[in-house]
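Student: can't give you the sequence, but here's the structure:
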């Protein structure tokens with residue numbers, strides 16, 4: 001059996017290793033761009049500036065956009081006193097400011113955290129989650145989301161998204177430059193091979209790294225959430241109920257979730273989306289439950 005702290009440390013290390021690989025991939029693509037297109041650095045500079053602007057927009061307005069896309073509404077304290085009581089207790093335990101609380105009117109049991117940082121965060125829960133969870137299970141889900149705030153996962157994943165987008169943009173620019181002018185001459189064949197590698201393979205690797213980082217952060221939030229409430233069984237039970245819900249043939253995916261917001265949720269908002277684990281934003285529920293039950 002593993003302790004909360006062992007699980008948290010292991011997943012933090014794996015996240016950092018994956019992020020390091022992401023950084024090396026990003027720098028490697030820029031290096032190749034400079035080597036191959038030494039005379040077009042102005043285009044690369046413009047692209048990097050645009051990426052920076054995109055990152056700033058995501059940082060300052062991304063949480064509002066996510067809440068709006070999800071049709072999340074501010075929760076009335078008198079209507080949802082249990083949610084407020086639990087979040088206040090978890091905030092004190094994690095020593096982070098109280099997040100704003102939102103409700104999403106959707107029968108799919110789910111939740112997510114968003115925000116710029118620990119001082120400006122929000123937690124949204126669906127009406128479906130509130131309808132099927134008992135207090136201890138709800139506390140487990142909210143502890144998981146509070147852990148995302150505590151671990152700065154909001155900022156961590158935002159950087160990963162920007163990195164992945166940057167690699168995609170640079171790869172497309174490099175590929176087009178080669179195919180439409182850079183692939184001529186005696187080295188044309190070699191450049192075309194590089195174009196394929198940079199323009200096709202690199203974005204796929206970037207996507208896989210982003211998804212792998214997302215899954216690692218989910219494992220870490222599970223472990224840290226279990227630590228906060230000292231009850232991994234409650235979180236495992238909540239996951240079990242969600243798994244049971246998704247197996248219902250009449251269950252529907254979340255109405256307002258999309259590929260951009262999917263990684264934020266407590267569990268995948270898409271029914272039957274995890275065909276292959278490497279292409280999933282979340283670890284398999286069975287594995288999450290197994291790890292939680294092995295904690296002490």
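Tutor: Structure's in. What do you need? Predicted, not measured: the structure shown is a model, and the values here were computed from it.
Student: in this structure, what residue spans correspond to strands?
Tutor: For the chain, the strands defined by DSSP state E occupy 72-74, 100-104, 111-117, 120-126.
Student: including mean neighbour count and mean pLDDT, could those strands go into JSON lines?
Tutor: For the C-beta atoms, the positions are set from N, CA and C on the backbone; glycine is no exception. Converted to JSON lines, these look like this (neighbours: other CB atoms under 10 Å; pLDDT from 0 to 100):
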{"stretch": "strand 72-74", "mean neighbour count": "16", "mean pLDDT": "95"}
{"stretch": "strand 100-104", "mean neighbour count": "21", "mean pLDDT": "97"}
{"stretch": "strand 111-117", "mean neighbour count": "22", "mean pLDDT": "89"}
{"stretch": "strand 120-126", "mean neighbour count": "24", "mean pLDDT": "94"}
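Student: quick check: end-to-end length of stretch 219-238?
Tutor: Across stretch 219-238, the terminal residues are separated by 15 Å (CA to CA, to the nearest Å).
Student: and residue 49, how many neighbours?
Tutor: Each residue near residue 49 was counted by other CB atoms under 10 Å, and the total is 10.
Student: actually, residue 270.
Tutor: 19.
Student: what sits against the residue nearest the centre of the chain?
Tutor: What sits nearest the mean C-alpha location of the chain, by CA atoms, centre = their mean, is residue 263, with 3.8 Å. With CB atoms under 8 Å, 6 or more residues apart in numbering as the criterion, the residues that contact residue 263 are 157, 211, 214, 281, 282.
Student: make TSV from the strands of the chain and add distance to residue 54 to it.
Tutor: Conversion of the strands of the chain to TSV gives the following (distance: least, CB to CB, whole Å):
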stretch	distance to residue 54
strand 72-74	23
strand 100-104	25
strand 111-117	15
strand 120-126	20
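Student: which residue packs closest to residue 289, ignoring adjacent ones?
Tutor: Leaving out its chain neighbours, the residue that sits closest to residue 289 by CB to CB, 6 or more residues apart in numbering is residue 236, at 4.7 Å.
Student: give me the number of residues near that neighbour?
Tutor: For residue 236, the number of neighbouring residues by other CB under 10 Å comes to 22.
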